[in-house]
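*Asks:* Provided below for reference: sequence and predicted model.
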Amino acid sequence: MKRFHVHLHVDDLDRNIAFYSKLFASDPARREADYAKWMLQDPPVNFAISSRGSAPGIDHLGIQTDTVEELDVLKARAAAADMALLDEGETTCCYARSEKHWVTDPQGIAWEHFHTLGNIPLFNEKAPEQATSAEAAPACCAPRQPTGKPVGIPVQAASSCC
């Protein structure tokens with residue numbers, strides 16, 4: 001089974017945890033000082049929020065797989081989409097060790113395909129010289145487009161459009 005993944009950057013983690021816990025009728029499956037994640041079953045969604053991004057809004061979208069074989073299929077599809085593929089292999093981010101790759105869609109939205117291998121006690125396990133401050137780091141290691149354009153989508157003011 002594959003699970004849709006949404007990661008939002010929020011400016012007030014506690015307020016958003018309270019909101020989404022009520023919206024989903026469920027407490028987060030994982031909660032840290034700068035991060036929370038719900039593993040919803042109906043519909044199957046890995047919904048994460050963090051206070052690590054630069055602006056509130058969508059940080060990235062993705063698909064989480066249950067198996068390496070499913071991840072390989074997604075990697076082939078991403079490569080066939082004629083977009084640059086960033087293969088991180090086994091890496092750490094968002095309190096987890098994962099096998100993952102990224103592709104950025106034509107609008108600049110980052111898509112993460114990943115298979116979780118296990119939990120870790122830190123947001124990521126970068127060497128100290130590679131680590132950046134929480135304020136400057138993207139929420140979940142989302143790559144930037146080659147032009148340097150951020151992949152996050154800022155929250156827009158309310159509009160009449162859905």
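*Replies:* Arrived safely.

*Asks:* which residues touch Ala79?
*Replies:* Listed by C-beta atoms under 8 Å, 6 or more residues apart in numbering, the contact set of Ala79 reads Leu85. Where you see a C-beta, it was placed from the backbone N, CA and C, and this is true even at glycine.

*Asks:* mind checking the SS state of it?
*Replies:* Three-state assignment for Ala79 (DSSP: H, G, I helix; E, B strand; the rest coil): helix.

*Asks:* Quick one, grab the pLDDT at it.
*Replies:* With respect to pLDDT, Ala79 scores 83.

*Asks:* And the strands in this protein?
*Replies:* In the chain, the strands defined using DSSP state E lie at 2-9, 30-32, 35-41, 44-50, 57-65, 85-93, 96-104, 110-119, 153-154.

*Asks:* out of those strands, nearest to Leu74?
*Replies:* Checking the strands of the chain against Leu74 by C-beta to C-beta gives strand 110-119 as the closest, at 4.2 Å.

*Asks:* Give me the sheet partners of that closest one and which way each runs.
*Replies:* On the basis of DSSP bridges, the sheet neighbours of strand 110-119 come out as strand 57-65 (parallel), strand 96-104 (antiparallel).

*Asks:* so how far is Asp27 from Asn16?
*Replies:* 13 Å (C-beta to C-beta, to the nearest Å).

*Asks:* any shared contact partners between those two?
*Replies:* Taking C-beta under 8 Å, 6+ apart as the contact rule, Asn16 and Asp27 touch no residue in common.

*Asks:* what would the strands paired with strand 110-119 look like in CSV with mean pLDDT?
*Replies:* Output for these, formatted as CSV (pLDDT from 0 to 100):
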stretch, mean pLDDT
strand 57-65, 91
strand 96-104, 89
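
*Asks:* Could you export those as TSV, including distance to Leu23?
*Replies:* Supplementary listing: those in TSV, determined by distance: least, C-beta to C-beta, whole Å:
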stretch	distance to Leu23
strand 57-65	16
strand 96-104	23
